[in-house]
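What would the 3D arrangement of this be:
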Amino acid sequence: MSLSYHFFSKVSFIGAAVFLLLACSGKKVDEQKAFFEDKSITIKEKLAKVLETENLLSFGISEEEANWLQDFYAKKSGSPLWINDSTFHSQGLKMKVTLSRSLWFGVPLGRINRQPKRRLNWVEEEVITTLKMAQLSQDIHTGFLDFTTKKYKPKTLVSVERMDSLMRTYGSISWDKMFISCGVNDSNYRFLANHLYSYCLQYPMDKTVYRIKPESEDPQNAPEQAENALISKGYLLKERSTEDVSYSSALELFQQHNGLHSDGKIGKYTAIALNESTYNKILRACLSLDKIRQHAAFPKKFILINIPEYALRFVADDTLRAQHRIIVGKTVTPTPQLESTLRTIVVYPYWTVPYSICKNEILPAAKRSSAYFGRNNYKLYSGSREISPGSVNWKKVGGFPYKVVQNPGPRNSLGVIKFEFNNSYSVYVHDTPSKGLFNSDVRSYSHGCMRCEKPIDLAKTILDFDTMPRQKRNPITRDSLDTLLFRAKNHPIPLKYSFPIYVEYITVRADQEFLVFHPDIYRRDEEYLKILRK
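Numbering: from 1, shown residues only. Modelled structure (predicted):
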């Protein structure tokens, strides 16, 4: 028998097998279609068929999700939520619209979207819609990012009991408000969640990335390009009358929404904000919401510093007692995120200069003139022994084998007051002689420490609340602090009751008025945004 005969016989056999398989498969598809189109079969019977484990697994639902769906629909007596005999009813369509804009509630659409293994009929889409609602509710409540592994958390569903409770809220509130209410019970979260929803409702999801330069670099083109960007982002109408918002007013509002001084000019940071797409800003808001969702509950008294916002807040007895502008680290010496305990306030502090500053800044200055030490009130130490800067041949010094300490005084880099807390980065909150830097919108000027505006006021407020119910308060009062400052000598003030300090990095915040997108100065959001864009 020839080789060609064997070959074609084998091909014929395979072809026949494939034909039979396709025929059987086609028959099964036809039977399924006939079942779901049969009007004599009730919608509950059709849903029961879909809810069989084998059927659920056939279009990509996991076994765990299948069990959840079966438990949930059993609690609903096997009745569908979103469909009638032939299609999605009005409430089902509303839910589908709401789920399609999960970004409005702080969860990327890619997180809840599903790719079924095959085309689904409307009864199968019912259970997919229910799964999406259960997952979105859970993500809004507990968060979707693992900030340690920098990956999405495994997908989980809200409990059957919680889902049933959420379903019962509809009627008193809309689906949209129901999802907003799923978040954590935190005022910062509530403000941000509500303002994010309002922002998405008002402004289009512009995905355009611009390349606008500041007016100082491109005075002719910058205003025209900025106007186009404002139109694209929904701040300006393309065809507008004299009664509509003007270009300058729209630009000033945009600047307010981006944490910038509303001067109507296209400076460096206004150009950066205009170049960023609205879609990317909304993703940053989602990231910020997820950080708040997953933060441990705050105690009754704490300091919270948000680096991109350049803001320090002191809360005592669950009430905001003080808020101060701060200066943070430059991009080359960024302020770290940390959690510690504030234990001491130091009046007229000494400053032990970090090694990196000694090597990179003091050493070059000393090589030019050893008088630099005297001009800056620095003392030089070799081990524990003070030595004269003039006795060192600075031209031959490599590295920096000495310790430099700046004496207390109004020109001390730490100013007249310092707030101490243990940390591995050797950073503090402190005063500064350079008061003019607080006038800038983007205040990243330090070597990593946080310089505080009006730190004496902060110290007095902290001392006011350095007490516990039925316990003795700190003997140092506001007046005592004024006396110590008048003496102008180094004096540590141990707090009687230490409390936590948190240094965080959240680029999108909200107050009672609107959402604010602060510049991502250290680009720490970017590694997470790559996940959210998937």
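
Near Pro308, how many other residues are there?
Pro308: 26 surrounding residues under other CB atoms under 10 Å. For the C-beta atoms, the positions are set from N, CA and C on the backbone; glycine is no exception.

Can you pull the phi and psi angles for the closest residue to it other than its chain neighbours?
In space, and not counting its chain neighbours, Pro308 is closest to His518: 4.1 Å by CB to CB, 6 or more residues apart in numbering. Note on His518: backbone dihedrals following degrees, to the nearest 10 are phi -80, psi 150.

State the distance from His518 to Ser444.
Distance of His518 to Ser444, given as CB to CB, to the nearest Å: 11 Å.

Who has more neighbours out of these two?
Shown here are His518 and Ser444; by other CB under 10 Å, His518 has more neighbours (24 against 21).

For the more buried one, give me its contacts.
Shown in contact with His518 (CB atoms under 8 Å, 6 or more residues apart in numbering): 258-259, 308-309, 507-509.

most neighbours, which of these?
Counting by other CB under 10 Å, top hit in these: Val508 with 28 neighbours.

Run through the bridge partners of that residue.
Beta-bridge pairing of Val508 under DSSP bridges involves Phe517.

you'd agree it is up against Phe517?
Yes. With contact defined as CB atoms under 8 Å, Val508 and Phe517 form a contacting pair (5.4 Å).

list residues touching both of the two?
In contact with both Val508 and Phe517: 281, 284-285, using CB under 8 Å, 6+ apart.

Tabulate these in a markdown table, adding columns for secondary structure, distance to Ser498 and pLDDT.
Shown next, in a markdown table, are these (DSSP: H, G, I helix; E, B strand; the rest coil; distance: CB to CB, whole Å; pLDDT from 0 to 100):
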| residue | secondary structure | distance to Ser498 | pLDDT |
| --- | --- | --- | --- |
| Lys281 | helix | 38 | 97 |
| Arg284 | helix | 34 | 97 |
| Ala285 | helix | 34 | 97 |
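
Mind pulling the model confidence for the most centrally placed residue in the chain?
The structure's the chain has its C-alpha centroid closest to Ser288; by CA atoms, centre = their mean the separation is 1.9 Å. At Ser288 the predicted local distance difference test score is 97.

List the contacts of it.
Contacts for Ser288 were tallied using CB under 8 Å, 6+ apart; they are 192, 506-509.

low-scoring pLDDT stretches of the stretch 1-150 of the chain, where are they?
1-30 (pLDDT under 70).

do the chain as well
Ranges of the chain meeting pLDDT under 70: 1-30.

for this protein, which strand is longest?
Secondary structure of the chain read by DSSP state E shows that its longest strand is strand 491-504.

Going by neighbour count, which residues in that strand are buried?
By neighbour count with 16 or more other CB atoms under 10 Å, strand 491-504 contains the buried residues 491, 493, 495, 499-504.

one step back: among the contacts of His518, which one lies nearest to Glu126?
Set against Glu126, the nearest of those by CB to CB is Val508 (35.1 Å).

which ones are touching that closest one?
192, 196, 281, 284-285, 287-288, 515-518.

Helix or strand for Leu192, just tell me which one.
Element membership of Leu192 [criterion: DSSP states H and E] is helix 187-202.

partners of Pro494 in the sheet?
Beta-bridge pairing for Pro494 (DSSP bridges): Thr344.

Does it touch Leu342 like I think?
No. Look at Pro494 against Leu342 with CB under 8 Å: they stay out of range, at 10.8 Å.

Only the C-alpha atoms, please, for stretch 149-166, written as PDB.
This file holds the C-alpha atoms of stretch 149-166, laid out as PDB (Å, rounded to 0.1, in the frame of the first residue of the first chain):
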ATOM      1  CA  THR A 149       3.900  43.100  46.100                       C
ATOM      2  CA  LYS A 150       2.800  46.000  43.800                       C
ATOM      3  CA  LYS A 151       0.200  43.800  42.200                       C
ATOM      4  CA  TYR A 152      -3.500  43.500  42.100                       C
ATOM      5  CA  LYS A 153      -4.900  41.600  45.100                       C
ATOM      6  CA  PRO A 154      -6.700  38.300  44.200                       C
ATOM      7  CA  LYS A 155     -10.300  39.000  43.200                       C
ATOM      8  CA  THR A 156     -12.800  38.400  46.000                       C
ATOM      9  CA  LEU A 157     -16.500  38.900  46.400                       C
ATOM     10  CA  VAL A 158     -18.500  40.700  49.000                       C
ATOM     11  CA  SER A 159     -20.300  38.300  51.400                       C
ATOM     12  CA  VAL A 160     -23.700  36.900  50.300                       C
ATOM     13  CA  GLU A 161     -25.200  38.600  53.400                       C
ATOM     14  CA  ARG A 162     -23.600  42.000  52.600                       C
ATOM     15  CA  MET A 163     -24.600  41.700  48.900                       C
ATOM     16  CA  ASP A 164     -28.200  41.100  50.000                       C
ATOM     17  CA  SER A 165     -28.100  44.100  52.300                       C
ATOM     18  CA  LEU A 166     -26.800  46.300  49.500                       C
END
